[in-house]
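Participant: Got a predicted model here, sequence first, then my questions.
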Amino acid sequence: MDEIRTIIYFSRHLQEIFWFLLRAEALFYMILQLENILTPEILQTINHQLEEAKFIDGKKTAGWHAVKVKNNEQLSNQFSEIRNLEKIIYQALNENIVFQMATIPKKIHSLRFSRYSQGMGYGSHVDDALMKEGRTDISFTIFLNSPQEYEGGELILEEVNEERSFKLSTGTIIFYPSYSLHRVETVTKGVRKVVVGWIESWIRDVQKREILFDLDTVRRSIFHKQGKTAEFDLLSKSYSNLLRFFADS
Ligand SMILES: [Fe+2]
(Lines give C-alpha, C1' and ligand atoms only; values in the text may rest on other atoms or scores of the structure.)
Protein backbone atom coordinates (compact mmCIF):
# COMPACT_ATOMS: atom_id res chain seq x y z
CA MET A 1 0.00 0.00 0.00
CA ASP A 2 2.77 2.38 0.95
CA GLU A 3 4.57 1.58 -2.27
CA ILE A 4 1.46 2.40 -4.32
CA ARG A 5 1.04 5.68 -2.46
CA THR A 6 4.67 6.54 -3.13
CA ILE A 7 4.33 5.92 -6.86
CA ILE A 8 1.15 7.97 -7.08
CA TYR A 9 2.81 10.76 -5.13
CA PHE A 10 5.83 10.87 -7.39
CA SER A 11 3.87 10.51 -10.60
CA ARG A 12 1.82 13.58 -9.69
CA HIS A 13 4.93 15.63 -9.06
CA LEU A 14 6.86 14.18 -11.96
CA GLN A 15 4.37 15.80 -14.31
CA GLU A 16 5.39 19.15 -12.85
CA ILE A 17 9.08 18.26 -13.10
CA PHE A 18 8.79 17.25 -16.76
CA TRP A 19 6.90 20.44 -17.45
CA PHE A 20 10.02 22.26 -16.26
CA LEU A 21 12.27 20.18 -18.45
CA LEU A 22 10.22 21.10 -21.50
CA ARG A 23 10.80 24.73 -20.64
CA ALA A 24 14.55 24.34 -20.56
CA GLU A 25 15.21 28.03 -20.91
CA ALA A 26 13.53 28.60 -17.58
CA LEU A 27 16.12 26.43 -15.89
CA PHE A 28 18.92 28.74 -16.91
CA TYR A 29 19.71 30.92 -13.89
CA MET A 30 17.07 28.90 -12.04
CA ILE A 31 14.24 31.35 -12.62
CA LEU A 32 11.34 29.00 -12.03
CA GLN A 33 7.58 29.28 -11.94
CA LEU A 34 5.18 26.88 -10.26
CA GLU A 35 1.45 27.17 -10.81
CA ASN A 36 -1.07 26.43 -8.06
CA ILE A 37 1.41 26.59 -5.21
CA LEU A 38 -1.66 27.83 -3.33
CA THR A 39 -5.01 26.14 -3.91
CA PRO A 40 -8.12 28.23 -4.71
CA GLU A 41 -9.45 27.46 -1.20
CA ILE A 42 -6.29 28.73 0.47
CA LEU A 43 -6.26 31.80 -1.76
CA GLN A 44 -9.83 32.54 -0.80
CA THR A 45 -8.97 32.28 2.91
CA ILE A 46 -5.93 34.54 2.54
CA ASN A 47 -7.68 37.17 0.44
CA HIS A 48 -10.67 37.20 2.75
CA GLN A 49 -8.43 37.84 5.76
CA LEU A 50 -6.43 40.49 3.93
CA GLU A 51 -9.61 42.45 3.21
CA GLU A 52 -10.04 43.01 6.95
CA ALA A 53 -6.38 43.71 7.60
CA LYS A 54 -4.46 46.90 8.25
CA PHE A 55 -1.65 47.68 5.79
CA ILE A 56 1.26 50.02 6.48
CA ASP A 57 3.75 51.90 4.30
CA GLY A 58 6.14 49.37 2.73
CA LYS A 59 9.09 51.75 3.18
CA LYS A 60 9.27 50.61 6.82
CA THR A 61 10.91 47.33 5.80
CA ALA A 62 13.03 48.59 2.89
CA GLY A 63 16.82 48.74 3.04
CA TRP A 64 18.49 52.18 3.07
CA HIS A 65 18.79 52.38 -0.72
CA ALA A 66 15.62 50.49 -1.72
CA VAL A 67 13.58 52.88 0.42
CA LYS A 68 14.13 55.54 -2.25
CA VAL A 69 12.21 53.53 -4.87
CA LYS A 70 9.77 51.46 -2.83
CA ASN A 71 6.17 52.55 -3.00
CA ASN A 72 3.73 49.91 -1.78
CA GLU A 73 1.85 48.79 1.30
CA GLN A 74 2.49 45.79 3.52
CA LEU A 75 0.44 43.89 6.01
CA SER A 76 0.95 45.26 9.49
CA ASN A 77 2.79 43.02 11.94
CA GLN A 78 0.09 43.96 14.44
CA PHE A 79 -2.61 42.19 12.43
CA SER A 80 -3.97 39.43 14.66
CA GLU A 81 -4.03 36.76 11.93
CA ILE A 82 -0.60 37.44 10.45
CA ARG A 83 1.10 34.41 12.06
CA ASN A 84 -1.68 32.16 10.82
CA LEU A 85 -1.34 33.53 7.27
CA GLU A 86 2.43 33.03 7.37
CA LYS A 87 1.95 29.47 8.57
CA ILE A 88 -0.31 28.73 5.59
CA ILE A 89 2.34 29.98 3.15
CA TYR A 90 5.22 28.14 4.85
CA GLN A 91 3.21 24.93 4.86
CA ALA A 92 2.38 25.21 1.14
CA LEU A 93 6.06 25.75 0.31
CA ASN A 94 7.24 22.94 2.55
CA GLU A 95 4.79 20.49 1.01
CA ASN A 96 5.70 21.20 -2.61
CA ILE A 97 8.31 18.70 -3.74
CA VAL A 98 9.45 20.64 -6.84
CA PHE A 99 9.92 23.80 -4.81
CA GLN A 100 11.95 21.84 -2.25
CA MET A 101 14.07 20.16 -4.94
CA ALA A 102 14.85 23.44 -6.68
CA THR A 103 15.59 25.57 -3.62
CA ILE A 104 16.88 23.12 -0.97
CA PRO A 105 15.80 25.52 1.77
CA LYS A 106 17.56 25.84 5.08
CA LYS A 107 15.22 28.64 6.03
CA ILE A 108 12.24 30.26 4.32
CA HIS A 109 11.81 33.66 5.90
CA SER A 110 10.72 37.30 6.05
CA LEU A 111 7.31 36.94 4.39
CA ARG A 112 5.68 40.21 3.38
CA PHE A 113 2.07 40.43 2.24
CA SER A 114 2.19 43.37 -0.15
CA ARG A 115 -0.37 45.48 -1.95
CA TYR A 116 0.16 47.87 -4.84
CA SER A 117 -2.72 50.25 -5.55
CA GLN A 118 -2.94 52.59 -8.51
CA GLY A 119 0.23 54.70 -8.81
CA MET A 120 2.35 52.33 -6.71
CA GLY A 121 5.42 50.40 -7.85
CA TYR A 122 8.89 49.41 -6.74
CA GLY A 123 11.85 50.79 -8.71
CA SER A 124 14.99 48.93 -9.63
CA HIS A 125 16.77 47.45 -6.60
CA VAL A 126 18.59 44.44 -5.26
CA ASP A 127 17.32 42.76 -2.10
CA ASP A 128 19.43 43.01 1.04
CA ALA A 129 21.85 40.07 1.24
CA LEU A 130 21.27 39.61 4.95
CA MET A 131 18.01 40.12 6.79
CA LYS A 132 17.22 39.69 10.47
CA GLU A 133 15.84 36.22 9.84
CA GLY A 134 18.49 34.94 7.45
CA ARG A 135 20.55 35.22 4.27
CA THR A 136 18.77 35.82 0.97
CA ASP A 137 19.88 33.34 -1.70
CA ILE A 138 16.55 33.10 -3.50
CA SER A 139 13.71 35.64 -3.71
CA PHE A 140 10.13 34.67 -4.43
CA THR A 141 6.80 36.25 -5.26
CA ILE A 142 3.44 34.49 -5.01
CA PHE A 143 0.65 36.17 -6.94
CA LEU A 144 -2.50 36.42 -4.82
CA ASN A 145 -4.88 37.90 -7.36
CA SER A 146 -5.60 37.62 -11.05
CA PRO A 147 -3.53 39.63 -13.57
CA GLN A 148 -6.88 40.71 -15.04
CA GLU A 149 -7.58 42.66 -11.86
CA TYR A 150 -4.87 45.27 -12.47
CA GLU A 151 -2.90 47.01 -15.19
CA GLY A 152 0.86 47.43 -14.96
CA GLY A 153 2.47 45.78 -11.92
CA GLU A 154 4.75 43.43 -13.87
CA LEU A 155 7.73 41.98 -12.01
CA ILE A 156 10.77 42.75 -14.16
CA LEU A 157 14.01 40.82 -13.73
CA GLU A 158 16.86 42.87 -15.14
CA GLU A 159 19.66 40.92 -16.74
CA VAL A 160 22.78 42.21 -18.45
CA ASN A 161 21.40 42.07 -21.99
CA GLU A 162 17.67 41.76 -21.50
CA GLU A 163 14.76 42.17 -19.16
CA ARG A 164 12.19 39.50 -18.37
CA SER A 165 8.67 40.46 -17.44
CA PHE A 166 6.36 38.36 -15.26
CA LYS A 167 2.69 38.92 -14.52
CA LEU A 168 1.48 35.52 -13.43
CA SER A 169 -1.79 33.80 -12.65
CA THR A 170 -3.33 33.63 -9.19
CA GLY A 171 -1.58 31.16 -6.92
CA THR A 172 1.60 30.98 -9.02
CA ILE A 173 5.02 31.39 -7.45
CA ILE A 174 8.13 32.67 -9.21
CA PHE A 175 11.53 32.32 -7.60
CA TYR A 176 14.87 33.65 -8.77
CA PRO A 177 18.39 34.25 -7.43
CA SER A 178 18.45 37.17 -5.01
CA TYR A 179 21.48 38.72 -6.69
CA SER A 180 19.25 39.95 -9.54
CA LEU A 181 18.30 43.58 -9.99
CA HIS A 182 14.53 43.73 -10.30
CA ARG A 183 11.58 46.07 -10.08
CA VAL A 184 7.78 46.18 -10.08
CA GLU A 185 6.23 48.38 -12.74
CA THR A 186 3.78 51.04 -11.58
CA VAL A 187 0.21 49.82 -11.27
CA THR A 188 -1.97 52.04 -13.45
CA LYS A 189 -5.33 50.49 -12.60
CA GLY A 190 -6.66 48.11 -9.94
CA VAL A 191 -4.70 46.49 -7.12
CA ARG A 192 -1.82 44.00 -7.28
CA LYS A 193 -1.63 41.61 -4.31
CA VAL A 194 1.37 39.39 -3.66
CA VAL A 195 3.29 37.73 -0.90
CA VAL A 196 7.05 37.93 -1.19
CA GLY A 197 9.74 36.18 0.80
CA TRP A 198 13.28 34.82 0.77
CA ILE A 199 15.11 31.55 1.09
CA GLU A 200 18.40 30.83 2.72
CA SER A 201 19.38 27.71 0.83
CA TRP A 202 21.69 24.93 1.98
CA ILE A 203 23.29 25.55 -1.43
CA ARG A 204 24.08 29.22 -1.87
CA ASP A 205 25.56 28.89 -5.38
CA VAL A 206 22.89 28.87 -8.10
CA GLN A 207 24.95 26.71 -10.45
CA LYS A 208 25.38 24.05 -7.79
CA ARG A 209 21.66 24.16 -7.06
CA GLU A 210 20.98 23.62 -10.75
CA ILE A 211 23.28 20.57 -10.89
CA LEU A 212 21.53 19.07 -7.87
CA PHE A 213 18.08 19.85 -9.25
CA ASP A 214 18.91 18.09 -12.54
CA LEU A 215 20.33 15.04 -10.78
CA ASP A 216 17.43 14.84 -8.37
CA THR A 217 14.96 15.06 -11.26
CA VAL A 218 16.70 12.24 -13.13
CA ARG A 219 16.97 9.94 -10.12
CA ARG A 220 13.28 10.38 -9.34
CA SER A 221 12.45 9.68 -12.98
CA ILE A 222 14.47 6.44 -12.89
CA PHE A 223 12.80 5.45 -9.64
CA HIS A 224 9.39 6.18 -11.12
CA LYS A 225 10.02 4.15 -14.30
CA GLN A 226 12.18 1.29 -13.04
CA GLY A 227 11.97 1.25 -9.25
CA LYS A 228 14.88 1.08 -6.87
CA THR A 229 17.42 -0.34 -9.31
CA ALA A 230 21.20 -0.50 -8.96
CA GLU A 231 21.39 2.52 -11.33
CA PHE A 232 19.04 4.44 -9.09
CA ASP A 233 21.08 3.58 -6.02
CA LEU A 234 24.32 4.73 -7.63
CA LEU A 235 22.81 7.97 -8.88
CA SER A 236 21.18 8.55 -5.53
CA LYS A 237 24.51 8.00 -3.83
CA SER A 238 26.13 10.60 -6.10
CA TYR A 239 23.30 13.05 -5.45
CA SER A 240 23.57 12.64 -1.69
CA ASN A 241 27.33 12.90 -1.66
CA LEU A 242 27.29 15.99 -3.87
CA LEU A 243 24.64 17.56 -1.65
CA ARG A 244 26.79 16.81 1.41
CA PHE A 245 29.84 18.20 -0.40
CA PHE A 246 28.11 21.41 -1.54
CA ALA A 247 25.97 22.17 1.50
CA ASP A 248 26.77 25.01 3.88
CA SER A 249 27.67 23.80 7.31
FE1 LIG B 1 12.90 43.07 -4.15
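Facilitator: Received, thanks.
Participant: Under the pLDDT cut-off, which ranges of the protein? List them.
Facilitator: For the chain, residues meeting the criterion pLDDT under 70 lie at 1-29.
Participant: Which stretches in it count as helices?
Facilitator: 2-22, 24-27, 40-52, 82-95, 97-103, 206-226, 230-246 (DSSP state H).
Participant: Would you format these as JSON lines with distance to residue 59 and mean neighbour count included?
Facilitator: All C-beta spots, glycine's among them, are computed from the backbone N, C-alpha and C. Shown next, in JSON lines, are those (distance: least, C-beta to C-beta, whole Å; neighbours: other C-beta atoms under 10 Å):
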{"stretch": "helix 2-22", "distance to residue 59": "36", "mean neighbour count": "12"}
{"stretch": "helix 24-27", "distance to residue 59": "32", "mean neighbour count": "12"}
{"stretch": "helix 40-52", "distance to residue 59": "20", "mean neighbour count": "14"}
{"stretch": "helix 82-95", "distance to residue 59": "19", "mean neighbour count": "15"}
{"stretch": "helix 97-103", "distance to residue 59": "28", "mean neighbour count": "20"}
{"stretch": "helix 206-226", "distance to residue 59": "29", "mean neighbour count": "17"}
{"stretch": "helix 230-246", "distance to residue 59": "37", "mean neighbour count": "13"}
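Participant: Out of these, which gets nearest to residue 71?
Facilitator: Taking C-beta to C-beta, helix 40-52 is the member of these nearest to residue 71, at 18.9 Å.
Participant: and the closest one with helix 82-95, angle?
Facilitator: Orientation check (axes from the mean of the first three to the mean of the last three C-alpha atoms, to 10 degrees): helix 40-52 against helix 82-95 gives 160 degrees.
Participant: helices or strands up against helix 40-52?
Facilitator: Where contact means 3 or more C-beta pairs under 8 Å, 6 or more residues apart in numbering; DSSP states H and E, helix 40-52 is packed against helix 82-95, strand 192-201.
Participant: Tell me which of the ones you listed sits nearest to residue 73.
Facilitator: strand 192-201 (10.1 Å).
Participant: which of the residues in the closest one are buried?
Facilitator: Neighbour-count burial for strand 192-201, counted by 16 or more other C-beta atoms under 10 Å, picks out 192, 193, 194, 195, 196, 197, 198, 199, 200, 201.
Participant: could you dump the helices and strands packed on helix 40-52 to JSON lines with distance to residue 142?
Facilitator: Putting the helices and strands packed on helix 40-52 into JSON lines (distance: least, C-beta to C-beta, whole Å) gives the following:
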{"stretch": "helix 82-95", "distance to residue 142": "7"}
{"stretch": "strand 192-201", "distance to residue 142": "5"}
